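Asker: what's the 3D shape of this:
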Amino acid sequence: MKNKLNRGRENKTYISLLLVVGLAFGVFFTSKTWMYDDSAIAQTAFNESIGGLSQTILTLRDWEYNPSNELMEVTMERNHTGTDAVEPTFSFYAKEQHASQKYNAELVYQSDNNMVVQIEDVPESFQVIGLFVTEHRDQNILKQEYKKQLENKGGEATVTDQDINESDLPEPEEVIIVGDYRKIDINQSLVTKTDKGYKKESIMADMERTKQEITTIIEEDIPFQEDLITTLKEEKKSLEQDMAFETQEEQTDTEREIEQKDKAIEDAKSEIEKLKKKVKELQDKYQNREEKLNALTQNKDDNQQQDHDKVDADNAKRDKQAASNNQQDDNNGSAKKDEK
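Answerer: All right, here's what the predicted structure looks like:
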């Protein structure tokens, strides 16, 4: 009886320990959804230039994560700003903060100035993850630069490419783009798309940015300059009224100040004209992107129509063949009857 009681107590103890461990694991893996995180956000800024590479300026445009398939997708814009005639290529890998394990990162789409990189097998428990972007310059260009350096230092001018070791060339440059779980968008439908799908998304995102830029200029920048002109004119009028009660020396100083107001007014008017011109350029850009999007959609519709037409043609061909076979069967049947 005593042994049974002891075993019962032991079982209750084990069950309690299991419950505590299970609760601890539950708290750990779901803490991001309900616990307040007051640590500093380590997110690379969106829509701002990222330096660190010799030939390329990167801009982070979007970062999404699908916890269901543990897939991340990072969208970047790249601009070739260096002097190399051949644009560099890029390689990628990802790693969580304070961890040694690397995640596979693959370039799934690129256009003239856009790159989409997917990071695979990222657990939902991640906090901060870094995407390492390595810029690989053309080897022939690097060898030419190395030979010029030797010549400038008084070295052998007859050195050939075969004389240059890979260790003589500079290491590829690398930047880290950091994603913080609090700034990464959750997208439950995130999957790998087709090239057309990514191209369509890229065009639509560019249109949205262009539209926002137009709105900012029209609703904020131009009104600011107009308000500035109004304020300057009021200040100028006040100065002109004060001149009637000033000495000659004071009037000279006031006239100089009025001239400065006039110049500031003209500068503000000039800035408004530049902003209006910028709006026109952005509107043309928006229309251009809209035409590209329509053409892309039209091509898709055309392809679908071609598929439908092909199916209809195949169906019609089968129906015609079936009708011909039926007619042949009828003829054969009639011939047999005539023979009888």
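Asker: my read is that H136 contacts V86, right?
Answerer: No: contact criterion CB atoms under 8 Å: H136 and V86 do not qualify, at 10.7 Å. In short, each C-beta sits where N, CA and C put it, glycine included.
Asker: for K237, see how far away V86 is.
Answerer: With distances taken as CB to CB, to the nearest Å, V86 is found 61 Å from K237.
Asker: do the same with H98
Answerer: For H98 relative to K237 (CB to CB), the value is 64 Å.
Asker: wait, a strand at E106?
Answerer: Yes: E106: assigned to a strand according to DSSP: H, G, I helix; E, B strand; the rest coil.
Asker: name the SS class of the nearest residue to it once chain neighbours are set aside, please.
Answerer: Residue nearest to E106 in three dimensions, not counting chain neighbours: Q118, with 5.5 Å by CB to CB, 6 or more residues apart in numbering. Under three-state DSSP, Q118 falls in the strand class.
Asker: wait, isn't Q118 in contact with T75?
Answerer: No: with contact defined as CB under 8 Å, Q118 does not count as touching T75 (10.3 Å).
Asker: okay, the residue nearest to E106 and G52: tell me how far apart.
Answerer: According to CB to CB, Q118 stands 22 Å off from G52.
Asker: and for K153?
Answerer: Counting by CB to CB, the gap from K153 to G52 is 27 Å.
Asker: surely D62 and V74 touch.
Answerer: Yes: D62 is within contact range of V74, at 7.4 Å (criterion: CB under 8 Å).
Asker: comparing those two, which residue is more hemmed in?
Answerer: Set D62 next to V74 and count neighbours by other CB atoms under 10 Å: V74 wins out with 25 against 16.
Asker: and the more buried one, that one's in a strand?
Answerer: Yes: checked against three-state DSSP, V74 lies within a strand.
Asker: ok, the closest residue to it other than its chain neighbours - contacts?
Answerer: Among residues not flanking V74 along the chain, V117 sits closest, at 4.8 Å (CB to CB, 6+ apart). Taking CB atoms under 8 Å, 6 or more residues apart in numbering, we find V117 in contact with E73, V74, M76, F92, A105, E106, L107, V108, L131.
Asker: also S68?
Answerer: Q188.
Asker: number of residues surrounding the residue nearest to E106?
Answerer: For Q118, using other CB under 10 Å, the count is 21.
Asker: and the pLDDT for it?
Answerer: pLDDT for Q118: 98.
Asker: that one pairs with what?
Answerer: As for beta bridges, Q118 partners with E73, E106 under DSSP bridges.
Asker: repeat for V178
Answerer: G130.
Asker: picking that back up, buried only: go through the contacts of V117 for me.
Answerer: The neighbour count (16 or more other CB atoms under 10 Å) marks E73, V74, M76, F92, A105, L131 as buried among the contacts of V117.
Asker: quick one, helices of the stretch 1-150 of the chain?
Answerer: Using DSSP state H, counting those that start in this stretch, the helices found in the stretch 1-150 of the chain span residues 2-34, 139-152.
Asker: pick out the shakiest of these, pLDDT-wise.
Answerer: Ranked by mean pLDDT, the helices of the stretch 1-150 of the chain bottom out at helix 2-34, with a mean of 54.
Asker: quick one: contacts for E250?
Answerer: The contact partners of E250, by CB under 8 Å, 6+ apart, come to M243.
Asker: in which helix or strand would I find it?
Answerer: Assigned by DSSP states H and E, E250 falls within helix 248-339.
Asker: what about the strands in the stretch 51-200 of the chain?
Answerer: All strands of the stretch 51-200 of the chain, identified by DSSP state E, counting those that start in this stretch, fall at 56-66, 71-80, 89-96, 102-110, 114-119, 128-136, 173-180, 185-186.
Asker: these: which one's closest to K285?
Answerer: Proximity to K285, assessed across the strands of the stretch 51-200 of the chain by CB to CB, is greatest for strand 71-80 (14.7 Å).
Asker: can you give me the buried ones in the strand or helix carrying E235?
Answerer: Taking DSSP H and E as the criterion, E235 maps to helix 222-242. Residues of helix 222-242 classed as buried: I222, Q225, L228, I229, L232, K236, L239 (neighbour count, 16+ other CB under 10 Å).
Asker: for it, name the packing helices and strands.
Answerer: Applying 3 or more CB pairs under 8 Å, 6 or more residues apart in numbering; DSSP states H and E, one finds that helix 222-242 contacts helix 248-339.
Asker: quick check: domain ranges of this protein?
Answerer: Under the assignment automatic domain parsing, the domains of the chain span 49-137+172-190, 210-312.
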